[in-house]
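The sequence isn't on hand, but the structure is:
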Ligand SMILES: Nc1ncnc2c1ncn2[C@@H]1O[C@H](COP(=O)(O)OP(=O)(O)OP(=O)(O)O)[C@@H](O)[C@H]1O
């Protein structure tokens, strides 16, 4: 039996209070709801919950403000933050305030109820320290679910020294993630040192990493500290770790195990205290299988993996990133440019083989090269290889976006003056059954596989099928 307790749900959306409240009551929890910070304060005293679930944007202020004070008075309380502002900033603020869990909206109800059970079960909940982290100038842009997952993991590793392995194609932001962990974490006053295994001749890697003594090899004129020593107290970023030669891997493993480095040609070990963040665009398990990467080193580095998906798998971030880079160019003194709707569509349709780096370069070029202030699709086509967008790729997405725009315009026209419209749900009710049907049909009605492809929980899928009256059995291919 999962542990049960008293839960206070604070959200100004009555629908969320009802749905979440019901789900928690079904699990045996006692639930009360509040719609504002004022109501929350009153119930904190009279109801004394074990878990507080609170939204951030509340009618009378920021739901996160005050959470640290509540926790100071009730250190045993577990706080779960819900937020529609799905940025790294919110994730970090939530963790800073000592929140047990942060769930971006829209959240999965099963995930929320599980978080409540975990919170009540975990008497020793890990409350992150009041580190006083900076809130401005956060480097990572993007609000896609994939980036939110990245933010949540970053927020969780700021107050510890666990080794991180950042995975992702070239240009997805792996180094930026490493820098963010360093500059927001407890080592931020110490050095961040990066070394790229693919950029250094193989025979020099050990000397670069561990340093060398005078005369260790031709040209070694003086004792030189390696990257480990340079990063003392801080963070060492080992980029392209999959390209590290085997001998260097063995030596690296020994350093990680002993916490000591010995320079090339030296004999006296030096104690080092560095946090390791490694990154690769290679499939390390395959390299391990092929005998090209040490399995023990892989396990040592892969304590907390952070996977950055390619940009084409988080298209909702493309426009946000594009605008961010145009704005940055403007701040650097280049003319300020904006994107027209059709330019934005074209950018969304491109498959971004070079990921965020490609998008960034493109925006910089546009800032310099276009004379007009508004960049339209024709200018993009003229200047950039975007006319190479494959027809079968761009067209369906483009048509879909057009269709949705037309539909939304129509609905907004119809709905003028009518309150309580539910446009978002109406659209979902139109498109979701089609998506579910196609995916289920592609896997012969197998709900487990369909849920995996869709990236949603199996129970969520089952509920949606019931809601839409879809029958997966009818999709089975007859033998
Ligand atoms: N989410 C993001 N928000 C803002 N800028 C980003 C983001 N992701 C990447 N960038 C920018 O894109 C460029 C490429 O990112 P980065 O160098 O971190 O990628 P990488 O995955 O380490 O690439 P490589 O594997 O080629 O070393 C950088 O200039 C970085 O600042």
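Yep, that arrived. Values in this document were obtained by computation on a predicted structure and should not be read as measured data.

what distance separates the start and the end of stretch 190-209?
Stretch 190-209 has an end-to-end distance of 18 Å (Cα to Cα, to the nearest Å).

Let's test this: mean pLDDT of that stretch, rounded?
Average pLDDT, stretch 190-209: 92.

What are the buried residues along that stretch?
Neighbour-count burial for stretch 190-209, with 16 or more other Cβ atoms under 10 Å as criterion, is recorded at 190, 192, 193, 194, 195, 197, 200, 205, 206, 207, 208, 209. C-betas here are computed from N, CA, C, even on glycine.

ditto for stretch 19-35
In stretch 19-35, counting by 16+ other Cβ under 10 Å, buried: 20, 21, 23, 24, 27, 29, 31, 32, 33, 34, 35.

okay, residue 266: pLDDT?
85.

got the residues of the stretch 351-479 of the chain near the ligand?
356, 357, 360 (Cβ under 6 Å from any ligand atom).

Who are the contact partners of the last one?
By Cβ atoms under 8 Å, 6 or more residues apart in numbering, the residues touching residue 360 are 321, 325.

Do you know the pLDDT at it?
94.

hang on, the earlier thing: return the closest of the buried residues of stretch 190-209 with respect to residue 294.
Ranked by distance to residue 294 (Cβ to Cβ), the buried residues of stretch 190-209 are led by residue 197 at 13.7 Å.

Quick one: residues contacting residue 412.
Neighbours of residue 412 in contact, by Cβ under 8 Å, 6+ apart: residue 423.

still on that earlier bit, mind putting the buried residues of stretch 190-209 in JSON lines, distance to the ligand included?
Below are those laid out as JSON lines (distance: Cβ to the nearest ligand atom, whole Å):
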{"residue": "190", "distance to the ligand": "21"}
{"residue": "192", "distance to the ligand": "13"}
{"residue": "193", "distance to the ligand": "15"}
{"residue": "194", "distance to the ligand": "9"}
{"residue": "195", "distance to the ligand": "12"}
{"residue": "197", "distance to the ligand": "11"}
{"residue": "200", "distance to the ligand": "14"}
{"residue": "205", "distance to the ligand": "17"}
{"residue": "206", "distance to the ligand": "21"}
{"residue": "207", "distance to the ligand": "22"}
{"residue": "208", "distance to the ligand": "17"}
{"residue": "209", "distance to the ligand": "18"}
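
Residue 405: neighbour count?
12 (other Cβ atoms under 10 Å).

now do residue 53
29.

Which residues does the helix or strand hosting it contact?
Taking DSSP states H and E as the definition, one finds residue 53 inside strand 51-55. If you take Cβ under 8 Å, 6+ apart as the criterion, strand 51-55 is touched by 5-13, 16, 20, 29, 40, 44, 63-64, 67, 70, 77-83, 100, 112, 116, 119-120.

Just the buried residues of stretch 19-35: which are in helices?
With DSSP state H as the criterion, helices contain 20, 21, 23, 24 from among these.

Show the contacting residues for the first one.
Right, residue 20. Applying Cβ under 8 Å, 6+ apart, the residues near residue 20 are 9, 11, 31, 53, 109, 112.

could you redo the last one with a cut-off of 10 Å?
Residue 20 makes contacts with 7, 9, 11, 13, 31, 33, 53, 82, 107, 109, 112-113, 116, as judged by Cβ atoms under 10 Å, 6 or more residues apart in numbering.
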